[in-house]
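1. A predicted structure for the sequence below; I have some questions about it.
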Amino acid sequence: MTDRICVGVVTGSYGVRGEARLKSFCAEPSAIADYSPLWDEDGNSYTISLSRPLKGGFGARLGGVTSKEQADGLKGLKLFANRGDLPSLPEDEFYHTDLIGLDVLDTGGEKLGRVTDVHDHGGGTMLEITGPAIKGSSLLLFTLENVPTVDLSGKRIVIDPPDEATDD
């Protein structure tokens with residue numbers, strides 16, 4: 001789904017009249033409604049209208065959802081907007097989906113692995129990296145210091161992680 005980008009997720013229902021709880025991944029959270037209709041991974045479309053702010057998101061009406069049971073059934077549903085409808089990003093900003101799958105190289109050019117996920121829990125964006133040179137997976141704070149090069153056309157990033165702390 002490279003022509004669509006995940007902009008939110010349904011986290012459950014709100015009330016008894018079919019409203020859903022909606023978590024927005026947009027830089028301006030309420031902008032999610034500007035991209036309506038949104039699509040799920042199966043290509044079904046949903047019109048979105050925000051009804052009220054809630055802790056961690058919004059109460060929202062999704063087209064075709066009229067009962068609490070229907071809204072509950074959508075919990076976990078990822079919602080996608082057309083890439084062309086989203087704003088262009090400055091040179092040093094990236095959509096998370098564009099980073100996933102990029103090869104990860106060290107500053108000497110040795111391949112370490114791939115970006116398998118991108119996490120942002122409020123403390124900064126973290127890249128999850130897995131590969132043969134990494135035991136399991138590793139998280140790296142996505143900063144200019146740690147990731148000096150992002151080459152989307154070359155499908156790679158170069159990392160320069162900080163030295164690990166040592167006990168002296």
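-> Perfect, I can see it now. These numbers were taken from a predicted model, which means no experiment stands behind them.
2. Could you pull up phi and psi at the closest residue to E128 other than its chain neighbours?
-> Leaving out its chain neighbours, the residue that sits closest to E128 by C-beta to C-beta, 6 or more residues apart in numbering is D117, at 4.1 Å. Bear in mind the C-beta positions are built from the backbone N, C-alpha and C, glycine included. The phi/psi pair for D117 (degrees, to the nearest 10) reads phi -160, psi 160.
3. mind listing what's buried in the top helix by length along the chain?
-> The helix that spans the most residues within the chain, counting by DSSP state H, is helix 68-73. By neighbour count on 16 or more other C-beta atoms under 10 Å, the buried set for helix 68-73 is K68, A71.
4. just checking, next helix/strand downstream of it?
-> strand 78-82 (DSSP states H and E).
5. Okay, buried residues for that following strand please.
-> L79, F80, A81.
6. Stretch 8-20 too?
-> Neighbour count says stretch 8-20 has G8, V9, V10, T11, S13, Y14, G18, E19, A20 buried, by 16+ other C-beta under 10 Å.
7. And I100, how far from S36?
-> Applying C-beta to C-beta, to the nearest Å, the value for I100 to S36 is 25 Å.
8. of the two, who's got more company?
-> S36 (18 against 14; other C-beta atoms under 10 Å).
9. how close does the spatially most central residue of the chain sit to F25?
-> For the chain, H96 is the residue whose C-alpha lies nearest the centre (C-alpha atoms, centre = their mean; 5.1 Å). Distance of H96 to F25, computed by C-beta to C-beta: 8 Å.
10. same question, Y95
-> Computed with C-beta to C-beta, the distance linking Y95 and F25 is 10 Å.
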